[in-house]
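Novice: fold the following for me, if possible:
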Amino acid sequence: MKKLIFALVFPILLISCEEISEEERGIPGPEKIAAKKPVMNIDSVENDLKEKGYQTFRYEEGDTTYLMQQYYMVFLKSGKNRNQDSTEAARLQKEHLTYLSKMAEEGFASLIGPFGGDGDIRGIAVYNTATLKEADSLARQDPMVKSGRLDVEVHPWWTAKGGKLN
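Specialist: Numbers count the residues shown, from 1 in each chain. Next up, the predicted model:
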């Protein structure tokens, strides 16, 4: 019985595995996706950043040139005023998350996230601004910081333009 089922099902499986053309499936194959990957023009990106007041430099390693950009690492630390009741703390947390989402959507914050545990440093935000003063000002407009529940510490931080977390 098993051989009969196998004999009937196997040919159906083979037929169903045939290659479907790009026109039929409506999406390009991997070869076209790889070919369309945009190449960053370092000169144009660097000139644009410098015109806007950003700090950059080039770093060469082998045959690869990296455009380094200065960002600002904002450490969100426990503030002096953490005595809000649970309702107020929840409201502030909601406003805090809304504010950070807005910073990300507007392109001011490139990386945001909390730390685990109950340490003094509660989270980080990497701000993509031209100056430390601007990053500090934006970080201090966060409702949690305004309320004193969080405080900020801002440090310049360099990374390759277009880099990503793996």
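Novice: shaky segments in the protein?
Specialist: Segments of the chain classed as low confidence (criterion: pLDDT under 70) are 1-40.
Novice: which stretches of it form strands?
Specialist: In order along the chain, the chain carries the following strands (DSSP state E): 56-61, 64-78, 109-114, 121-127, 150-160.
Novice: list the residues that contact Q93.
Specialist: For Q93, the set of contacting residues under the criterion of C-beta atoms under 8 Å, 6 or more residues apart in numbering consists of M144. C-betas here are computed from N, CA, C, even on glycine.
Novice: helices along the chain, start to end?
Specialist: Taking DSSP state H, the helices of the chain run over residues 2-16, 22-25, 30-36, 42-51, 86-105, 132-140, 143-146.
Novice: rebuild the strands of the chain as TSV, extending it with distance to P143 and mean neighbour count.
Specialist: Below are those laid out as TSV (distance: least, C-beta to C-beta, whole Å; neighbours: other C-beta atoms under 10 Å):
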stretch	distance to P143	mean neighbour count
strand 56-61	32	11
strand 64-78	12	18
strand 109-114	15	16
strand 121-127	14	18
strand 150-160	9	15
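Novice: which ones are touching the closest residue to M103 other than its chain neighbours?
Specialist: Spatially, and ignoring its direct neighbours in sequence, M103 is nearest to A109 (3.8 Å; C-beta to C-beta, 6 or more residues apart in numbering). With contact taken as C-beta under 8 Å, 6+ apart, A109 is in contact with L100, M103, A125, V126, Y127, N128, L138.
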